[in-house]
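Trainee: My questions concern the predicted model and sequence given below.
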Amino acid sequence: MENLIALLVAAPLLGAAVLLCGGRRLDKTGHWLGTVLAAASFVIGVVLFADMLGKGAEDRALHQHLFSWIPVEGFQADIAFQLDQLSMTFVLLITGVGTLIHIYSIGYMEHDERRRRFFGYLNLFLAAMLILVIADNYLLLYVGWEGVGLASYLLIGFWQHKPSAATAAKKAFLVNRVGDVGLSIAIMLMFTTFGTFAFGPVLEATGDTSEGKLTAIGLMLLLAACGKSAQVPLQSWLGDAMEGPTPVSALIHAATMVTAGVYLIVRSGAIFNGAPDAQLVVAIVGAVTLIFGAIVGCAKDDIKKALAGSTMSQIGYMILAAGLGPIGYAFAIMHLVTHGFFKAGLFLGAGSVMHGMNDEVDMRKYGGLRKYMPVTFITFGLGYLAIIGFPGLSGFFSKDKIIEAAFAKGGTEGWIFGSVALLGAAITAFYMTRVMLMTFFGEKRWQPDAEGREPHPHESPKSMTVPMIVLAVGSVFAGGFFAIGDRFVNWLEPVTGYDHGHSPLSVATVTGATVVALVIGVAVAWGMYGRKPVPAVAPRGSLLTRAARRDLLQDDFNHVVLVRGGEHLTRSLVYVDHSLVDGVVNGTAASVGGLSGRLRKLQNGYARSYAVSMFGGAAVVIAATLLMRAV
Amino acid sequence: MNVIAAAATTSTGEAVQFWILGTVAVIGAFSTILLKKSVHSALSLAGTMVVLAVFYLANGAYFLGIVQIIVYTGAIMMLFLFVVMLVGVTAADSLKETLKGQRWLAVGCGLGFGILLIGGIGNASLSSFNGLGAANALHGGNVEGLANLIFTKYVFAFEITGALLITATVGAMVLTHRERTERAKTQREMSEERVRGKHLPPLPAPGVYARHNAVDIAGLLPDGTPSDLTVMKTLRDRGQIRDVSQEALADLKALEQRSGERLGREDADAVARGANPASAAENSEAAK
Amino acid sequence: MNPVNYLYLAALLFAIGASGVLIRRNVIVLFMCVELMLNACNLALVTFSRMHGNLDGQIVAFFVMVVAAAEVVVGLAIIVSLFRSRHSASVDDASLMKL
Amino acid sequence: MSFPLLTATAALPAIGAIATAAVPAAQRTVAKWVALFFSLGTLVLAGVVFARFEPGGDRYQLTESKAWIADFGVRYELGVDGIGVALLGLTALLIPFVIVAGWHDADPLETKSSRWRPTQGFFALILMVEAMVILSFLATDVFLFYILFEAMLIPMYFLIGGFGDRAHAGSDENAAKQRSYAAVKFLLYNLAGGLIMLAAVIGLYVVAGSFSLSEIAAARADGTLEMATSTERWLFLGFFLAFAIKAPLWPLHTWLPNAMGEATAPVAVLITAIVDKVGTFAMLRFCLGLFPEASKWATPVVIALALVSIVYGALLAVGQRDIKRLIAYASISHFGFIILGIFAMTSQGQSGATLYMVNHGISTAALLLVAGFLITRRGSRLIADYGGVQKVAPVLAGTFLIGGLATLSLPGLAPFVSEFLVLVGTFSAYPVAGIIATSGIVLAAIYVLVLYQRTMTGPVAESVRTMPDLKARELVVAVPLIALLLLLGVFPKPLTEVVNPAVKHTMSDVQKKDPQPEVEAAK
């Protein structure tokens, strides 16, 4: 069985290699190849999963050691995989959703002449993401970590001829790199502390070292997570990442890659358990992002950007949960999975809408689309209900659990986190209702676009609708399936541990509060966008709204401080290098040159003046000899 | 004076001779380096060398003394004179110094050097000297003695000097030999060239229409201007052409003046205007 | 009289010749000055040989003469060709010993 | 006396150089093939050396030793250790690519005369450089090494000054001026370092009475050789300065951008990927090997300078407008990493540094050569003249991107392995330095991605609309290099197991131990 694990990665990797090197002759069939290989990987995952279920809870973890990668004295890095329940969950999510989105893309990218390459990149992403989740040591995880970063870079910038896309891709990569610095420093710290960076030894040895060390490692890991999972303060790239094709937004920037940060933190649970301060910081970051993303989501008129804000905020939930320690780990992952379903579904829905509206993204130019694209409407609606946590749907269970856990954390921070989570739920309800209303309800607001093409909305082809339906089903039932009888918690328990704390409030109270929050949110949204028609041009809005439209001024800050500052720095350094450092060198050269130029004057070329110096020299010699004699 | 004596001691006669001839030698040397014309320098150098020859003899180096006279004064100096001829006897180079400070440096160095040498010799202990008498007598005479050494001890050096002389001779020939760049003109070509050229008639003789008929004076053309064509090429190349046209014209003018005064003014003018090409030429020059 | 005076004379002549080399511009005169210096040396050599009482000094002087002869021959040849190429006998005209 | 394998390896390219130069002026293509043939032959011999080398064996293997200048105890002594083998392999590997990449760089634009033979000269000089570099990697006699270290400059000088980049900004004579300036600067700068080194070499002989590494090591071991602290430090400085100029280490780096900017891309590869490695290699072998105490004494300063190089080089790379100068400054930053790893004096750091030399060679070669193809197509080195190339020449853009990703040391590509080793090695000895160096990761990403974005993406610029994609010859250059990058990124073991023992020796030279992990130390 172990040997199958490598195949998980090998299949999509092969696909990527073939598709990217294959050249034009694969243009016709390439997308099928990619899809098939993704599906194959999914099948393997399922097989392994079945096998895993067959075993007892404790000995489910599989391990495969391929070969020694970097052996240098104490530093022993291996290419080795480890498949335990946590990894398994991710493998299924990644390959499953991944396959669906491959299928969806066949239709979505139909008219793009570079579709083959698109599928190549998708496969590359799958491979990297799988490496990330089944690596058995942090260095290999780092490989996957950067690999997904690369794939996301390539896919965000897939339409490279659009400068905005190219810039967005670059921005994403750079911000992620900042996070990666955190990860690499964390790994170095582990090496100097434990002498290794394989999950097993490190997580067992956490007890043997000081809390300070663990806190340092934890914070560095958090930095990495912030970069990858678009958490404050490194969240700025996610909004722009929506420049990429919509399937990419669905797969990478909603379902899988952005959740890698959560995986990292949950995986390193032992470290955070040993470092309460770091853990608290994690929770705070999660809480802040939760609200931040929600606010941004409320203000955006670009449907994808609104969803991006929502993603940010949902991941905020997960990070918050992960920051709660063993109480929250399982729920973080659970919300991650359900979120994977409904957010992917929502994005695909948005994609399908754009597909029908010749790539218009401004929700103010939508309206009343439910008649034109029923399937999209229904699936999107189900996703919507799920994310706002409509009782009975996935989101309800997972989010509710997190809120409970937040309260169960106990103490003042428990109260704070809990109420923040509640507030978040309300805002989520608000902005998602807003999206829903602006898109599918009200009267139609679309006009001819720049080329004067009158959009005539239509339902998307099967290849696109089927995945949406599947995801919709998932987003309806997954949560219930996981939550009933704590299936999911028990499943993950051997890996993450579980401790269900002592909530000051009864489960019923929390649930009630959640529902109330949800109702309030929906009601407010209905009041603002449901009853009166939506203006086709955005009103000026309050200060907060305008700030939120600009991602709460984060970008402006980055631009002024980092970009401008950096430009000035480099420009001045170039000057310094040329005039100062090089100036010294050239100055030396010049002075030598000048000196010799003066000496050259002595060589006037007149034989007689040479003779004089010769003769004078002779005289001096004689004088010298005589003096020698005299003395 | 006999060999042994001459070699061994220094008689008062020698002293007198030294002081007189020494002065001559020094004067000769000075005039060599100070006279403007190289011919004069050469001659005074020859003088100095003769004096040195005498000193050799006085020092018992009979062979060298003779050789000095024959080779140096006889051969080398003559060679110098030939070259001077080639290069130009009268070409006197001005002693005005062109290089800045060169002269003072030179004099300073010369003085310093001389003083140093003399000082050196002075405080070197050279009081004792044993004459050549024995050495010369050993093989029965100076020449035999030298021959003995040359053909035994210094034979290789001698052979090499021979080689050196041969090389020098060949070298001199190579250096002075002028490579013909173009074929020598045949007489026919020369004549054709002459006919085609500017001067169909034979070149004018020097001194035509002139007061002088020296080789180095250009003849005057009818208008009174001198023509270099009348002077031989060598002199032209050396730039040794004396131009007397101006004084000739001046004389002519003065003559007219006087004749004008003697005759009446106006007919003097008439005379002047009527038949006097020279004055016409002069007027034309004035006009120019 | 002490024959050392010959040496003094030689030194004097040598110095004069040397200064001549430095002062004069005419190549031929220059050469003469060189010859003067050589002769001064010869005088010294002869005197020394007389002082030490062996003939080697004279031999050397003899060789000096031979070499001087050779030198003059070549040197004058050079002068002639030099004069042919540039119609002057001044060393300063040949101030090509510089960049 | 067995077959002198090492001598043969070094001699073959020299012979090739003569053969190439001897090809008549008219047969340019023949000359090229001759050069290629000999470089491949050298590669084969290098492979043999690599195979014959036992990692477990003695420090220097396949040794040869002949008396050369007996009076001064100068010997013609060759021997190869793990580090030497790795770099020998790199050199022998890259030269064929350099030759193929420069296939048309030296074709005369107009035939001046029948004896006008620039092509022959170009390739002969390249082979000459190869011979000298290889020999300098093999030399175990300080004097022999010194001579090669200096002699290398001569062919390099002609390569830089004589065969400029045809894609220059501005007029021809201006370009010629620029080029000769760069060449002269290169020569004088390195020569100055070399002279100081010569003084140190002589000093070493005076102190140690021998030029042979092994003899000096032995003398040091049995205590017959006692160096006064000050003497050792002065000698160390003499050597180090020369190597730091060659490496180049901030602030002695300014010759590199000029040289690389003016030279053709293959020659630039020759400079940065091969010749400069001699400097870092020599630091490892001579500075640490001969003057361990002084090296330890100088470590803080050197590490500080290396850090400056890393950050400074990267920042300047961000600020460049000229593709090749950008790559040059990037290389300066990378050399900072190498030197950092060497002087961190941990086995990770030094193994990493050695790997870094190899990997940086390959990755820079890939990036620079592809950039060269790009530049020759458009005839300009300015980034601003490009844009949207990715649309018209996707393969070119792809290879360029991979080269760039290697330069920013993306995991999975070779440079990542070495860079991470260097970082870990540094961090375990000097945490702060490690963290500062890590910032280089981000800066590298900035300059690479900005370069890629400005040249390859965005709307297609007018000037590149008709740009052809990579041709077969160029693919022959680019593809193997990329394959190699991937291979060494995933499976660097063959290199590490050759290098590790050598590093052990160096570590024992400087009598340093890796710092113990905290946990184990506690137990």
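Mentor: Sure thing, it's come through.

Trainee: So what's the gap between the longest helix seen in chain C and the chain middle?
Mentor: For chain C, the helix with the greatest residue count under DSSP state H is helix C:56-85. On the basis of C-alpha atoms, centre = their mean, to the nearest Å, helix C:56-85 is displaced by 9 Å from the centre of the chain it belongs to.

Trainee: can you tell me if that helix touches chain B.
Mentor: Yes. Applying C-beta under 8 Å from any C-beta of the partner chain, one finds helix C:56-85 in contact with chain B at C:56, C:58-59, C:61-63, C:65-74, C:76-81, C:83-84. In short, each C-beta sits where N, CA and C put it, glycine included.

Trainee: Show me which strand runs longest in chain D.
Mentor: Ordering each strand of chain D by length in residues (DSSP state E) puts strand D:61-69 first.

Trainee: C-terminal to that one, what's the next element?
Mentor: Remark: after strand D:61-69, the chain's next helix or strand is strand D:74-80, criterion DSSP states H and E.

Trainee: With only the CA atoms kept, save that next one in PDB.
Mentor: C-alpha atoms of strand D:74-80 as PDB (Å, rounded to 0.1, in the frame of the first residue of the first chain):
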ATOM      1  CA  VAL D  74      58.400  24.600  -7.000                       C
ATOM      2  CA  ARG D  75      56.800  21.300  -8.000                       C
ATOM      3  CA  TYR D  76      54.300  20.400 -10.700                       C
ATOM      4  CA  GLU D  77      52.000  18.800  -8.300                       C
ATOM      5  CA  LEU D  78      48.500  17.800  -9.100                       C
ATOM      6  CA  GLY D  79      45.800  16.100  -7.000                       C
ATOM      7  CA  VAL D  80      42.100  16.300  -6.800                       C
END
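
Trainee: So what angle separates the directions of it and strand D:61-69?
Mentor: For strand D:74-80 against strand D:61-69, the angle by axes from the mean of the first three to the mean of the last three C-alpha atoms, to 10 degrees is 170 degrees.

Trainee: List of residues touching strand D:74-80?
Mentor: By C-beta atoms under 8 Å, 6 or more residues apart in numbering or on different chains, the residues outside strand D:74-80 that reach it are D:4, D:6-7, D:10, D:49, D:53, D:60-68, D:88, D:135, D:137-141, D:143-144, D:211-214.

Trainee: List buried residues within these.
Mentor: D:6-7, D:10, D:49, D:53, D:60-62, D:64, D:88, D:135, D:137-141, D:143-144, D:211-214 (16 or more other C-beta atoms under 10 Å in any protein chain shown).

Trainee: So which of these sit within helices?
Mentor: If you go by DSSP H, the buried ones among the contacts of strand D:74-80 have D:6-7, D:10, D:49, D:88, D:135, D:137-138, D:143-144, D:213-214 in helices.

Trainee: quick check, nearest of these to chain B?
Mentor: Comparing those against chain B with C-beta to the nearest C-beta places D:F143 closest, at 42.0 Å.

Trainee: In this model D:F72 seems to touch that closest one, though I could be wrong.
Mentor: Yes. Using C-beta atoms under 8 Å, D:F143 is in contact with D:F72, at 7.5 Å.

Trainee: Extract the C-alpha set from stretch A:554-563 and format it as PDB.
Mentor: C-alpha atoms of stretch A:554-563 as PDB (Å, rounded to 0.1, in the frame of the first residue of the first chain):
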ATOM      1  CA  GLN A 554      -3.400  47.900   2.800                       C
ATOM      2  CA  ASP A 555      -2.200  48.200  -0.800                       C
ATOM      3  CA  ASP A 556      -1.700  51.900  -0.600                       C
ATOM      4  CA  PHE A 557       0.300  51.400   2.500                       C
ATOM      5  CA  ASN A 558       2.400  48.700   0.800                       C
ATOM      6  CA  HIS A 559       2.800  50.800  -2.200                       C
ATOM      7  CA  VAL A 560       3.900  54.000  -0.400                       C
ATOM      8  CA  VAL A 561       6.100  52.300   2.200                       C
ATOM      9  CA  LEU A 562       7.600  49.200   0.500                       C
ATOM     10  CA  VAL A 563       7.400  49.800  -3.300                       C
END
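
Trainee: Run through the residues that contact D:V503.
Mentor: Here D:V503 is in contact with D:82-83, D:347, D:350-351, D:354 (criterion: C-beta under 8 Å, 6+ apart).

Trainee: Return the member of the residues you listed nearest to chain B.
Mentor: Relative to chain B, the closest of the contacts of D:V503 is D:I83; by C-beta to the nearest C-beta it sits at 60.8 Å.

Trainee: Helix or strand: which one has that closest one?
Mentor: helix D:82-101.

Trainee: One more: A:H65?
Mentor: Secondary structure assignment for A:H65, by DSSP H and E: strand A:62-72.

Trainee: sorry, back to before: can you show me the CA trace of the longest strand of chain D as PDB?
Mentor: Only the C-alpha atoms of strand D:61-69 are listed here, as PDB (Å, rounded to 0.1, in the frame of the first residue of the first chain):
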ATOM      1  CA  GLN D  61      43.800  11.400  -5.200                       C
ATOM      2  CA  LEU D  62      45.300  10.700  -8.700                       C
ATOM      3  CA  THR D  63      48.200  12.700  -7.500                       C
ATOM      4  CA  GLU D  64      51.100  13.500  -9.800                       C
ATOM      5  CA  SER D  65      54.300  15.200  -8.800                       C
ATOM      6  CA  LYS D  66      57.300  16.400 -10.800                       C
ATOM      7  CA  ALA D  67      60.100  18.700  -9.800                       C
ATOM      8  CA  TRP D  68      59.800  21.900 -11.800                       C
ATOM      9  CA  ILE D  69      61.900  24.800 -10.500                       C
END
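
Trainee: just to revisit the earlier point, could the ones in helices among the buried ones among the contacts of strand D:74-80 be laid out in JSON lines, adding pLDDT and distance to chain B?
Mentor: Formatted as JSON lines, these follow (pLDDT from 0 to 100; distance: C-beta to the nearest C-beta, whole Å):
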{"residue": "D:L6", "pLDDT": "89", "distance to chain B": "51"}
{"residue": "D:T7", "pLDDT": "89", "distance to chain B": "47"}
{"residue": "D:A10", "pLDDT": "90", "distance to chain B": "48"}
{"residue": "D:V49", "pLDDT": "90", "distance to chain B": "58"}
{"residue": "D:L88", "pLDDT": "92", "distance to chain B": "56"}
{"residue": "D:L135", "pLDDT": "92", "distance to chain B": "47"}
{"residue": "D:F137", "pLDDT": "92", "distance to chain B": "54"}
{"residue": "D:L138", "pLDDT": "91", "distance to chain B": "51"}
{"residue": "D:F143", "pLDDT": "91", "distance to chain B": "42"}
{"residue": "D:L144", "pLDDT": "91", "distance to chain B": "44"}
{"residue": "D:L213", "pLDDT": "84", "distance to chain B": "52"}
{"residue": "D:S214", "pLDDT": "83", "distance to chain B": "52"}
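
Trainee: Looking at chain A, what residue ends up closest to chain C?
Mentor: For chain A, C-beta to the nearest C-beta, closest residue to chain C: A:G605, 3.6 Å.
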